[in-house]
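In: Provided below for reference: sequence and predicted model.
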Amino acid sequence: MKQAKFCVETTGKVITCRAAIAWTSNAPLSIEEVEVDPPKAGEVRIKVISSGICGSDNHIINGTYPVPLPAILGHEGAGVVESIGEGVSTVKPGDKVILTFLPQCRECDSCLHAKGNCCLKEDIFSPVGLMLDGTTRFTCRGRKVHNVFGTSTFTEYTVMHEISVVKIDDDAPMENVCILACGFTTGYGAAVNRAQVTPGSTCVVFGLGGVGSAVVLGCKAAGASRIIGIDINEGKFEKAKALGVTDCLNPRNFKKPIQQVVMEMTGLGADFTFEAIGTTDTMVAALESCNMSYGVCVIIGVSPAKSQFSFDPMKLLSGRTLKGCLIGEYKTRDCIPLLVCDYMKKKIDVDSVITHKLPFIKINQGFELLQSGKCIRCVLLF
Ligand code: PAD
Ligand code: ZN
């Protein structure tokens with residue numbers, strides 16, 4: 001199979017390269033040769049350098065987060081711009097970029113609001129898997145292949161809208177910054193931005209995977225004095241403690257609900273709780289684990305399609321706050337470059353969340369590591 005090269009010779013031409021295709025759910029991804037069209041107006045074609053495997057990719061594979069298939073998954077990438085379409089002004093060929101699932105168009109109601117970050121050009125809540133003009137840039141074996149969230153990083157080359165492409169520092173280390181496209185930023189920002197964890201506070205983190213680990217780092221950076229980590233996989237506890245968790249709990253070791261255990265441990269409940277798993281039961285448990293009067297609960301996990309969660313509204317009447325957030329409430333194109341700089345200045349420890357690195361073609365092994373709970377974050381290198 002011919003390896004595509006990054007050079008001006010490819011500008012304006014179709015690039016043939018390797019990609020991992022999800023033909024159906026509940027099946028391994030298939031490494032195939034794909035054709036990647038040149039970028040149209042407002043689009044950017046990118047050579048992918050690294051990509052994390054996120055819990056949300058796994059939800060797509062197991063069908064709890066349905067997207068149109070066949071598709072190229074992956075939404076946590078870093079790469080280099082190969083070519084740009086007409087009118088693109090914020091990146092140029094050769095620029096190092098982060099490939100994020102949440103655009104920042106800087107024109108919509110959310111983008112123009114000081115706090116909103118859920119750009120209305122997103123394709124995550126009812127995904128269509130196509131570019132904004134309703135077509136796709138990927139073809140495999142004569143069939144059109146969808147993108148995922150306008151990102152698609154499990155491919156050697158991808159095409160994205162300029163509004164989802166984040167230019168970063170020329171010296172950024174490209175192997176690790178990919179997780180600033182989603183997992184790290186999501187967890188860290190949930191603590192420092194969305195919850196605004198306060199010094200001396202008690203925090204509870206439900207789920208100690210890639211996202212939950214970044215929540216822990218955010219709580220610690222904000223000065224939390226006690227961080228309770230909750231996971232059914234005790235294999236996660238050693239790493240969690242190294243990151244800053246002070247107490248680890250496995251709900252399966254208790255007969256009573258875990259929120260009751262947290263109440264007993266903290267007296268009146270935690271100041272801040274975070275759900276980084278994606279089940280409605282753990283969302284209710286997180287809400288009920290925070291202080292009835294001033295506790296703040298932040299939902300991060302992606303729940304299965306069409307699920308609903310119910311709780312006694314009196315839980316809020318007493319003063320609790322229930323929030324959710326996407327990618328740590330950061331406006332992606334404005335804020336991710338600053339996080340990359342913080343990482344390069346060693347102010348945030350992105351590396352500690354990455355436990356495994358694999359060549360891209362071993363992507364299914366990466367998913368096995370995630371599904372078996374043996375990794376925190378696995379990064380694929382292209
Ligand atoms: P992960 O699989 O690395 O971590 C999930 C963790 O939860 C694992 O350690 C599991 O053992 C643990 N777990 C599973 N079930 C339970 C349970 N019942 N009780 C306690 N622990 C449990 O995934 P991740 O960290 O990449 O992602 C976590 C969630 O965050 C997932 O739902 C993903 O879709 C979501 C997410 N949200 C955003 C956002 O912007 N809101 C971004 C990225 C990921
Ligand atoms: Zn917008």
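Out: Here it is on my side, so go on. Ligands and ions are numbered 1, 2, ... in the order given.

In: what sits closest to Gly278 if chain neighbours are left out?
Out: When the adjacent residues along the chain are set aside, Gly278 lies closest to Gly301, with 3.2 Å between them (CB to CB, 6 or more residues apart in numbering). For every residue, glycine as well, the C-beta is placed using N, CA and C.

In: residue contacts, that neighbour?
Out: If a contact means CB atoms under 8 Å, 6 or more residues apart in numbering, then Gly301 has Gly55, Phe206, Gly207, Val211, Glu275, Ala276, Ile277, Gly278, Thr279, Thr282, Met283 as its contacts.

In: right, and the third one touches Ala240 too?
Out: Going back to what we said before, that points to Gly207. No: counting by CB atoms under 8 Å, Gly207 sits too far from Ala240 to count as a contact (10.3 Å).

In: so for these two, which residue has more residues nearby?
Out: When Gly207 and Ala240 are compared on other CB atoms under 10 Å, the one with more neighbours turns out to be Gly207, at 27 against 23.

In: so for that one, what's the pLDDT?
Out: Predicted confidence (pLDDT) for Gly207: 98.

In: rewinding a little: most surrounded residue in the contacts of Gly301?
Out: Neighbour count (other CB under 10 Å) singles out Val211 as the most crowded of those, with 33 neighbours.

In: where does it sit, in terms of helix or strand?
Out: Using DSSP states H and E, Val211 falls within helix 210-221.

In: do that helix and ligand 1 meet?
Out: Yes: with CB under 6 Å from any ligand atom as the measure, helix 210-221 is seen reaching ligand 1 through Gly210, Val211, Gly212.

In: just send these back as a markdown table, with pLDDT too.
Out: As requested, those are exported to a markdown table (pLDDT from 0 to 100):
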| residue | pLDDT |
| --- | --- |
| Gly210 | 96 |
| Val211 | 97 |
| Gly212 | 98 |
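
In: nearest to ligand 2, of those residues?
Out: Distance ranking of the residues of helix 210-221 next to ligand 1 against ligand 2, using CB to the ion, places Val211 first at 23.2 Å.

In: chain neighbours aside, what residue packs nearest to the most centrally placed residue in the chain?
Out: Geometric centre of the chain, nearest residue: Cys182, 2.9 Å, by CA atoms, centre = their mean. Using CB to CB, 6+ apart and skipping the chain neighbours, the partner closest in space to Cys182 is Glu76 (4.0 Å).

In: right, and Cys325 touches Ala190 too?
Out: Yes: under the criterion of CB under 8 Å, Cys325 lies in contact with Ala190, with a separation of 5.7 Å.
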